[in-house]
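*Asks:* Generate a structure from the sequence data that follows.
(one chain, ligands or ions: 1)
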Amino acid sequence: MDKKALFAQAAEVLQENDRGTYTVPTKGLYPFQWNWDSCLTPLGQAQISAPRAWTEIETLFAHQWEDGMMPHIVFHVHDEGYFPGANVWRTQGCGGAGRGKIDTSGITQPAVAGFAVKRLFDRAKDKSLALKHAKSLLPKINRWHEWFYRDRDPAGEGLVAIIHPWEAGRDNSIDWDEPFSKVPTDGIDPYVRRDLKHADASMRPTKEQYDRYLWLVQHFRDLKWDNSKLHDASPFRVVDPGFNAILIRSCFDLADLADAIGEKEIADKNRAWAKKGIAALERLWSDKHGQYLCLDRVTGKLIDSADCGGLLPVFAGVPKPRVRAIAQRIEKISQQVKYIVPTHDPSDPRFDAKRYWRGPIWLIINYMIADGLRTAGETAVADKIVKSSLALIDSGGFAEYYDPRDGTACGGARFTWTAAMVLEFLRYV
Ligand code: GLC
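*Replies:* The predicted structure follows:
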């Protein structure tokens with residue numbers, strides 16, 4: 001592998017998708033700013049330009065709702081090529097959305113900002129620039145965390161629920177099949193999908209799933225996006241170990257960052273949330289699967305689906321024996337497919353190697369799992385994941401995601417966060 005050439009190619013993808021103050025995930029399919037894309041991408045951007053990396057996150061947080069919620073999409077421009085657009089979400093004025101007249105969606109995404117900002121801060125060469133941005137972002141990220149534990153964990157269980165599959169970032173995961181089947185489809189406005197213009201239908205969610213996605217959006221819209229009501233009013237409430245792991249890791253990291261800049265109250269609060277979350281995650285452990293599972297908060301039952309969300313708690317800092325078990329599980333999976341880590345257990349009959357979040361590999365998931373394993377001392381498996389991730393670039397270029405059996409590129413091409421993760425993985429080889 002020519003590291004220098006790979007670095008240059010990845011930098012080119014970032015450049016291509018750079019819209020000045022934010023980056024689009026890829027042109028065509030995703031023409032706006034996405035939340036967790038814009039928190040992970042700066043890790044790569046910072047290796048080229050630190051100011052540009054900070055701008056990416058600052059731009060995102062300029063659109064935080066007054067109630068603390070961070071939307072999953074910021075619609076900076078008008079683009080008819082994307083559905084559902086701002087005219088479907090209609091969040092203007094709700095929860096304090098739409099300040100500065102830029103529309104946003106009404107749901108959130110994995111809270112990876114705390115982790116990303118701490119990492120940028122720790123690595124910064126220009127300490128005073130980093131301090132300036134960390135000070136400005138710290139209270140905003142803290143407000144988002146506060147919002148999560150207030151509005152998405154109203155009973156104080158220590159874990160938050162997602163109320164729409166898109167919030168998990170793993171839009172079409174097998175994890176949602178069962179709880180999602182209870183979401184109605186009646187009364188939705190007629191619509192035309194746009195994703196199928198950019199990607200193959202066999203790799204995207206089905207029509208029935210799309211109907212349900214939209215039913216939930218309309219339901220929340222009818223409730224005027226009032227976050228104090230949405231959790232209890234949603235027929236879909238899932239406690240996802242992956243989503244919670246990312247939030248917990250961000251709480252730990254924000255606490256450390258707050259300590260470093262003398263914000264004791266923020267540090268204490270975030271550390272308390274994180275510790276409570278780690279303890280509560282135990283409830284989601286499955287001995288049978290050797291990993292964590294989702295909990296359906298509507299039925300109170302664990303969901304029988306061995307997905308990558310259940311491997312992600314290694315990123316949160318769960319106890320060593322749990323990390324060991326997950327490392328072993330990944331070893332086992334690596335004997336079933338050529339590349340790792342597939343988003344779903346390949347031995348599950350529902351596994352679908354090319355369909356969106358039902359089997360293929362995403363490099364951002366690999367990055368977080370590898371980071372958690374490395375921190376816990378599971379270096380051999382972490383290295384294996386890094387190697388596999390870079391081999392995928394050789395086989396399929398900077399794709400949105402990959403078939404774990406043969407490395408075929410799937411979904412959109414020239415993908416921003418894939419390129420950013422390559423810049424990160426190159427640090428370990
Ligand atoms: C898809 C993914 C989501 C991501 C977005 C932009 O919707 O499921 O996680 O943020 O694309 O890349």
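
*Asks:* switch to C-alpha atoms for all contacts and neighbour counts from now on
*Replies:* OK.

*Asks:* Identify the residues contacting the residue in the stretch 151-300 of the chain positioned nearest to the ligand.
*Replies:* Closest approach between the stretch 151-300 of the chain and the ligand, counting by C-alpha to the nearest ligand atom: Gly169, at 3.4 Å. Gly169 sits next to Gln109, Pro110 when contact means C-alpha atoms under 8 Å, 6 or more residues apart in numbering.

*Asks:* And it, how close does it get to Lys229?
*Replies:* Between Gly169 and Lys229 the computed distance is 22 Å (C-alpha to C-alpha, to the nearest Å).

*Asks:* helices and strands of the protein: which one has the lowest mean pLDDT?
*Replies:* Every helix and strand of the chain was ranked by mean pLDDT, DSSP states H and E. The lowest is helix 195-198, at a mean of 86.

*Asks:* Would you mark the buried spots in it?
*Replies:* Of the residues in helix 195-198, Asp195, His198 count as buried by neighbour count, 16 or more other C-alpha atoms under 10 Å.

*Asks:* then it to CSV, C-alphas only?
*Replies:* In CSV, the C-alpha atoms belonging to helix 195-198 read as follows (Å, rounded to 0.1, in the frame of the first residue of the first chain):
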residue,chain,number,x,y,z
ASP,A,195,-32.8,7.8,-3.2
LEU,A,196,-33.6,5.2,-5.9
LYS,A,197,-32.4,7.6,-8.5
HIS,A,198,-28.9,7.5,-7.0
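
*Asks:* ok, it near the ligand or not?
*Replies:* No. Helix 195-198 lies out of reach of the ligand by C-alpha under 6 Å from any ligand atom, never closer than 10.0 Å.

*Asks:* after that helix, next one along is what?
*Replies:* Using DSSP states H and E, the helix or strand that follows helix 195-198 in sequence is helix 207-222.

*Asks:* Only C-alpha atoms, please: export the helix or strand just after that next one in CSV.
*Replies:* Counting by DSSP H and E, the next helix or strand C-terminal to helix 207-222 is helix 227-233. The C-alpha coordinates for helix 227-233 follow below in CSV (Å, rounded to 0.1, in the frame of the first residue of the first chain):
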residue,chain,number,x,y,z
ASN,A,227,-39.8,16.9,22.5
SER,A,228,-41.4,16.8,25.9
LYS,A,229,-44.2,14.7,24.2
LEU,A,230,-42.5,12.7,21.5
HIS,A,231,-40.9,9.9,23.5
ASP,A,232,-44.1,8.8,25.2
ALA,A,233,-46.2,9.4,22.1
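
*Asks:* how many neighbours does the nearest residue to Lys140 once chain neighbours are set aside have?
*Replies:* Of all residues beyond its chain neighbours, the one nearest Lys140 is Phe61 (7.2 Å), with distances taken as C-alpha to C-alpha, 6 or more residues apart in numbering. A count of nearby residues for Phe61, using other C-alpha atoms under 10 Å, gives 21.

*Asks:* Thr206 too?
*Replies:* Counted with other C-alpha under 10 Å, Thr206 comes out at 12.

*Asks:* roughly how far apart are it and Ile361?
*Replies:* Thr206 is 19 Å from Ile361, by C-alpha to C-alpha.

*Asks:* Gln335 too?
*Replies:* Applying C-alpha to C-alpha, one obtains 15 Å for the distance of Gln335 from Ile361.

*Asks:* Out of those two, name the residue with the larger neighbour count.
*Replies:* The neighbour count for Gln335 versus Ile361, taken as other C-alpha under 10 Å, is higher for Ile361 (30 against 10).

*Asks:* rewinding a little: so who does the residue nearest to Lys140 touch?
*Replies:* Met70, Leu137, Lys140.

*Asks:* what kind of secondary structure is the residue lying closest to the first one once chain neighbours are set aside in?
*Replies:* Looking back up the chat, that one is Met70. Nearest non-adjacent residue to Met70, counting by C-alpha to C-alpha, 6+ apart: Gln64, 4.9 Å away. Judged by DSSP: H, G, I helix; E, B strand; the rest coil, the three-state class of Gln64 is coil.

*Asks:* The one 5 residues further on too?
*Replies:* Using three-state DSSP, the structure places Met69 in coil.

*Asks:* element containing the closest residue to it other than its chain neighbours, please.
*Replies:* Nearest non-adjacent residue to Met69, counting by C-alpha to C-alpha, 6+ apart: Trp144, 5.5 Å away. Assigned by DSSP H and E, Trp144 belongs to helix 127-151.
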